[in-house]
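1. The amino acid sequence is not available; the structure is as follows:
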DNA sequence: TACTTTTTATGATCTATGTCAAAAATAGAT
DNA sequence: ATCTATTTTTGACATAGATCATAAAAAGTA
């Protein structure tokens, strides 16, 4: 039976039969790209969602002329400019690979077809977004009252490797702190 | 044909036939409660989702012994302690009415049954969460780099009446700023 | 109307983190 | 290996907003 990281990801939430697996297979693509590859550009619609099979990525936008990382992603996670993907409006974010990576992609249209034709996929769609919401909510809510150091440690606990592999500046802007402050935090003795 | 605010809310996303409307009707309740009524208590599971037909509500938790408002809700919006509702884990948040209110409620179990038996409802469930995600993402992302005043003005532009009706302290903690700072902001000349 | 409680305002500090500038370290390229 | 560009570190200084303390105002209550 055929498989790939995306199918594993879906099966983590709902059970798929052989026919549906075959169908998903036929509508998604696997590609390898170099670090720095822009999967989605701001000003365009996000027409695909990507699952990172190997490597890492980030979404970012510009604020006062400076890049701000809005989220980081690693192996086994779905990436796209979500608000554009869901609403169909143009994206205010860019999505970029932060390492040489292998990703599985599926288009918005194909995903909608799967939702329409397979109740299991509709259910998967709901469960996936529910999970995203809970996670995002947890993170941002935490960030609200944490010191720079606490935020950094929260991130480290959730994305230990990526946090260390990705540029300091990207991580700093994701945490909403300056590069200099993060550099100083890293020099401090760990754990308060 | 029977109707209520919850059914209107659902029909805003998907078309319902008469039989499904009747079914939804039979599984939800309409109640009126006084200001201060706790719909969900932290430490318990959030077993219902509520639609505010009239009035307003907020979710809050405790941080360093102080109440922190995590979100405010007004007429036409769904309220619950979402992460508990979705995951089934106990809630870290309380949900409280901030004015005398009328709310429509439906239980988690009934909602799951609707999802299971009606593809339209499964689709509604997905679309509703997608919308929530986009909105929350927009807000928190904005908050990250805004000054206290900018955050307050963003909130005002989205929830003009509630922001003024609800306690200053609730609003301040929602914005992640101190009560004193918000009081000072309100005294400043508007719009930068 | 008087009394109590809750909410909002104001003044005086204090501090974490931002900003600017420049050096040091690291990674890439030829 | 050498040169160049990028990333990270370090220092000096500035500031938004926190905290603490108290007063004023508003809302409930009898």
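-> Happy to help now that I have it. As the structure is a computational prediction, the values presented were derived from the model and not from experiment.

2. Quick check: phi and psi on the residue nearest the centre of chain A?
-> Taking CA atoms, centre = their mean, the centroid of chain A lies closest to residue A:79, which sits 3.3 Å from it. Residue A:79 adopts backbone torsions of phi -130, psi 140, taken as degrees, to the nearest 10.

3. likewise residue A:30?
-> phi -110, psi 130.

4. Quickly list what it is bridged to.
-> Residue A:30 forms beta bridges with residue A:104, as assigned by DSSP bridges.

5. Now do the contacts for it.
-> Counting by CB atoms under 8 Å, 6 or more residues apart in numbering or on different chains, residue A:30 makes contact with A:4, A:53, A:102-105. All C-beta spots, glycine's among them, are computed from the backbone N, C-alpha and C.

6. Save the residues you listed as CSV, and put in neighbour count, pLDDT and distance to residue A:21 too.
-> Output for those, formatted as CSV (neighbours: other CB atoms under 10 Å in any protein chain shown; pLDDT from 0 to 100; distance: CB to CB, whole Å):
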residue, neighbour count, pLDDT, distance to residue A:21
A:4, 16, 84, 10
A:53, 19, 92, 16
A:102, 16, 91, 20
A:103, 25, 93, 19
A:104, 21, 95, 13
A:105, 19, 96, 17
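
7. would a markdown table of those residues with distance to residue A:19 be doable?
-> Shown next, in a markdown table, are the contacts of residue A:30 (distance: CB to CB, whole Å):
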| residue | distance to residue A:19 |
| --- | --- |
| A:4 | 16 |
| A:53 | 23 |
| A:102 | 26 |
| A:103 | 25 |
| A:104 | 19 |
| A:105 | 22 |
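
8. Pick the one among those residues closest to DNA strand C.
-> Using CB to the nearest atom of the strand, residue A:102 comes nearest to DNA strand C of those, at 18.3 Å.

9. wait, is that closest one part of a helix?
-> No. The assignment for residue A:102 (DSSP: H, G, I helix; E, B strand; the rest coil) gives strand, which keeps it out of a helix.

10. Isn't it up against residue A:53?
-> Yes. Between residue A:102 and residue A:53 there is a contact under CB atoms under 8 Å: 4.5 Å.

11. Please name the bridge partners of residue A:51.
-> As for beta bridges, residue A:51 partners with residue A:78, residue A:104 under DSSP bridges.

12. and the gap between it and residue A:111?
-> Applying CB to CB, to the nearest Å, the value for residue A:51 to residue A:111 is 12 Å.

13. who touches both of those two?
-> Shared contacts of residue A:51 and residue A:111 (CB under 8 Å, 6+ apart): none.

14. of the two, who's got more company?
-> Shown here are residue A:51 and residue A:111; by other CB atoms under 10 Å in any protein chain shown, residue A:51 has more neighbours (25 against 19).

15. just checking, the more buried one touches residue A:5?
-> Yes. Assessed by CB under 8 Å, residue A:51 is found in contact with residue A:5 at 5.4 Å.

16. nearest to residue A:169, of the contacts of residue A:30?
-> Closest to residue A:169 out of those is residue A:103 (23.3 Å), distances taken as CB to CB.

17. Contact partners for that closest one?
-> Listed by CB under 8 Å, 6+ apart, the contact partners of residue A:103 are A:30-33, A:39, A:50-53, A:55, A:57, A:79, A:97.

18. now do residue A:29
-> A:104-106.

19. Now the element after the biggest helix by length in chain A, going C-ward?
-> Ordering each helix of chain A by length in residues (DSSP state H) puts helix A:119-144 first. On the C-terminal side of helix A:119-144, the nearest following helix or strand under DSSP states H and E is helix A:148-158.

20. packing partners for the next helix or strand after that following helix?
-> Counting by DSSP H and E, the next helix or strand C-terminal to helix A:148-158 is helix A:160-165. When contacts are defined as 3 or more CB pairs under 8 Å, 6 or more residues apart in numbering or on different chains; DSSP states H and E, helix A:160-165 sits against strand A:66-74, helix A:148-158.

21. Any buried residues in helix A:160-165, and which?
-> A:162-163 (16 or more other CB atoms under 10 Å in any protein chain shown).

22. And stretch A:164-174, by the same measure?
-> Going by 16+ other CB under 10 Å, stretch A:164-174 has these buried residues: A:166, A:169-174.

23. How about stretch A:113-130?
-> Residues A:114-115, A:118, A:120-130 are the ones in stretch A:113-130 that count as buried (16+ other CB under 10 Å).
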